[in-house]
Structures are given as C-alpha cells and as structure tokens.
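Chemist: Here is a sequence with its predicted model. Questions after.
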Amino acid sequence: MSVADLKDRSPRWAKAVAGSVTRAYALRTAALRPVPDFLVIGSKRGGTTSLFRYLSDHPGTFGLFPQPRGKKSTDFFFPGQHHPRPRSEEWYRSHFHTENYRRLVARRLGYRPLSFEASPYYIWDPRVAGRVRDIAPEIKAILVIRNPVRRAWSHYQERVQNGVEPLTFKQALAAESDRLDGELDRMLVDPRYYSRAFDWYSYRSRGEYLPQIMNWHAHFPADQLLVLRSDDLYRDTQRTMDLVCNFLALPTHRMQSTKPFNSTWRTTEAVPTQEGQELADHFKVHNLLLEEYLETRLGWS
C-alpha cells in the first residue's frame with residue numbers, strides 16, 4: 001500500500017492534524033523556500049487546468065508543498081477578503097519546496113527544477129499583476145486564450161452547473177453590464193474587496209483579452225509572458241508544450257497523455273446561434289486589435 005493510499009484511508013481528524021503539522025513546519029522554514037518560478041495565469045475556461053496538469057507531469061516541475069491532489073493554486077493573490085485573515089509573504093512561500101530540496105533533485109535531473117501554481121483569476125483581476133511583481137519581479141507567466149465566444153459560453157455553462165446562474169444565456173449577457181457596474185472601481189479603491197459578480201458573471205468582458213495582457217505588460221517585460229492559443233494546446237499538444245518548455249528553459253519532455261482536463265460535462269459544444277453571432281460581432285474589433293498587438297493571427301473570425 002502506498003503512502004497516498006494510507007492518506008486516503010486515514011480518518012479526517014488524522015488528515016487535519018497531519019496537515020496542521022506540515023503547514024507549521026512549512027511556515028517555520030519559509031525563509032528557505034523561494035517564491036515560484038512561474039505562474040499559469042489564465043484564462044478562465046481557456047485551458048488553465050489542462051496546462052497545469054501537463055506541466056505537473058514534467059519531471060522538472062514542482063506544484064504546491066505538500067502536493068495536494070489536483071490543487072492548482074494557493075489563491076494568495078485573491079483579494080484579502082477571500083481569506084479569513086491577511087496572508088503574509090511567508091505564508092505564500094511556505095507552499096513551495098525549499099531550495100535545498102531543489103538542489104537534491106537538480107543533482108538527479110541535471111538541471112534546476114521549477115515551481116509554479118495556476119489560477120485563471122490572476123490575469124482577470126487587474127490588481128494581481130502589481131502584487132506579483134512586488135513579491136516576484138523575475139517570475140514568468142503563461143496565459144492560454146480561447147476563442148472568446150466559446151469561452152463565454154463555456155463560462156456560462158459552468159456557472160449554471162454550479163447552481164449560481166439563474167438566467168438564460170441571452171439574459172445573462174444582457175445583464176452583464178448592470179451586474180458589473182461599479183465593481184471594478186470599488187476593487188481599485190479597496191485592495192481587499194472581492195467582487196463575486198466581477199469573478200462569476202463576466203462572460204463577455206473576460207474575453208476582451210487585450211486590456212488584460214497590456215495590464216500584465218505594464219508590470220512585467222514582454223519576454224516574461226507567454227501567450228498561447230487553446231486551439232494549439234489541444235490540437236498539437238506536444239509541440240505547444242515544447243514551446244512552453246523552451247520559454248521556461250526546461251528540457252522538452254515526451255508527454256504520456258494529451259487528453260484535456262476539466263472540460264465541461266453535461267453540455268453541448270454548440271453556442272446558441274443568436275447569442276453566438278452577437279458575441280462574434282462584439283469581439284471582432286477586440287480580436288483584430290489583439291492580433292495587431294501580439295503580431296499573430298488568431299483565426300477566430
């Protein structure tokens with residue numbers, strides 16, 4: 001029986017005690033734990049989970065410490081109200097492996113392993129980039145962008161499945177401006193304010209990628225951000241992951257599986273015709289400007 005099996009079969013109280021002891025140890029050794037080397041910052045319903053899983057399978061990467069199954073993020077850069085108490089930089093560092101452990105692994109690998117976390121919220125909240133820069137100015141980031149029409153539909157379906165969206169897709173799109181009205185201003189005034197509407201119901205707005213990318217570039221050099229299309233991630237996964245490895249200065253790795261993760265189930269791929277056309281019309285100029293900025297064709301017309 002493996003250690004993981006023993007943990008799975010342990011009583012809940014035993015898991016809680018073990019977790020508390022491990023976190024206390026990690027906090028005491030936080031000064032020995034570097035901040036992550038890179039982040040996967042989004043986009044929501046764009047392939048963040050798949051990219052996280054593909055990267056986790058690389059022998060030269062570490063996720064969180066200790067490694068919880070499937071947990072992508074510390075949520076450290078969420079607004080303060082998302083946590084019951086303010087989180088310190090030491091708390092953040094406690095979630096990553098020590099430099100001594102990395103050196104041990106590096107001797108086996110022949111190169112230094114990298115640590116990371118992933119959250120699609122990080123690109124969306126304009127306050128996050130500055131907070132990341134303050135703690136880790138040399139960090140690299142990877143953004144996966146998806147056809148914004150399909151992204152909006154997938155985002156809406158997820159909200160419906162989670163039981164928090166009572167409106168039809170047409171109604172939700174019509175209500176988006178009212179739902180988000182004033183929320184960004186309140187966020188910028190109050191660093192601790194978390195807007196559920198801004199996070200949950202931003203179906204159209206979240207697909208306007210250019211302002212989000214420009215905000216990240218305002219805090220980091222362009223060569224510290226890699227922007228990928230989700231189409232490429234899924235259609236030619238190995239080649240795309242080779243590009244990611246080159247960006248991170250990691251050796252390329254032959255993938256064992258290229259199946260997608262966290263794809264919405266119980267849904268259809270077909271975007272409703274009327275709403276899809278309205279969204280396509282809305283995003284036309286946004287996509288053209290994004291293509292000019294990135295100097296690449298996106299193929300979303």
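Modeler: Sure thing, it's come through.

Chemist: Grab the nearest non-local neighbour of the most centrally placed residue in the chain.
Modeler: What sits nearest the mean C-alpha location of the chain, by C-alpha atoms, centre = their mean, is residue 119, with 2.5 Å. Nearest residue to residue 119 in three dimensions, chain neighbours excluded: residue 73, at 4.0 Å (C-beta to C-beta, 6 or more residues apart in numbering). Yep, even glycine has a C-beta here, placed from its N, CA and C like the rest.

Chemist: Next one: that neighbour from residue 190, what distance?
Modeler: 22 Å (C-beta to C-beta, to the nearest Å).

Chemist: out of those two, which sits in the more crowded spot?
Modeler: residue 73 (21 against 14; other C-beta atoms under 10 Å).

Chemist: how about the strands in the stretch 201-301 of the chain?
Modeler: Applying DSSP state E, counting those that start in this stretch to the stretch 201-301 of the chain gives strands spanning 225-229.

Chemist: any low-confidence regions in it?
Modeler: The stretch 201-301 of the chain contains residues with pLDDT under 70 at 262-269.

Chemist: Return the set of buried residues in stretch 54-64.
Modeler: Along stretch 54-64, these residues count as buried under the neighbour rule (16 or more other C-beta atoms under 10 Å): 54-55, 58, 60-64.

Chemist: so of those residues, which ones are in helices?
Modeler: 54-55 (DSSP state H).

Chemist: Residue 128: which of the buried residues of stretch 54-64 is nearest?
Modeler: Nearest to residue 128 among the buried residues of stretch 54-64 is residue 64, at 17.9 Å by C-beta to C-beta.

Chemist: In contact with that closest one: list those residues for me.
Modeler: By C-beta atoms under 8 Å, 6 or more residues apart in numbering, residue 64 lies in contact with 71, 74, 95-96, 117.

Chemist: if I look at it, how far off is residue 199?
Modeler: Computed as C-beta to C-beta, the residue 64 to residue 199 distance reads 21 Å.

Chemist: Residue 219 now?
Modeler: Computed as C-beta to C-beta, the residue 219 to residue 199 distance reads 20 Å.

Chemist: Doesn't residue 171 belong to a strand?
Modeler: No. With DSSP: H, G, I helix; E, B strand; the rest coil as the criterion, residue 171 is assigned helix and is not in a strand.

Chemist: What is the burial count for it?
Modeler: Residue 171 has 11 neighbours, counted by other C-beta under 10 Å.

Chemist: gap between it and residue 160?
Modeler: Computed as C-beta to C-beta, the residue 171 to residue 160 distance reads 12 Å.

Chemist: what's the answer for residue 129, then?
Modeler: Using C-beta to C-beta, residue 129 is found at 30 Å from residue 160.

Chemist: Comparing those two, which shows the higher neighbour count?
Modeler: Legend: neighbour count by other C-beta under 10 Å for residue 129 and residue 160, higher for residue 129 (22 against 18).

Chemist: so what's that one closest to, chain neighbours aside?
Modeler: Spatial nearest neighbour of residue 129, chain neighbours left out: residue 219 (4.2 Å); criterion: C-beta to C-beta, 6+ apart.

Chemist: Isn't the one you found up against residue 127?
Modeler: No. The pair residue 219 and residue 127 does not pass the contact test of C-beta atoms under 8 Å, sitting 10.5 Å apart.

Chemist: quick one on the thing from earlier: show me the contacts for the residue nearest to residue 129.
Modeler: Residue 219 makes contact with 129-130, 132-133 under the criterion C-beta under 8 Å, 6+ apart.

Chemist: that older thread, farthest pair in the contacts of residue 64?
Modeler: 71 and 96, at 13.0 Å, using C-beta to C-beta across the contacts of residue 64.

Chemist: Among these two, which residue is more densely surrounded?
Modeler: More crowded of residue 71 and residue 96, by other C-beta under 10 Å: residue 96, with 24 against 14.
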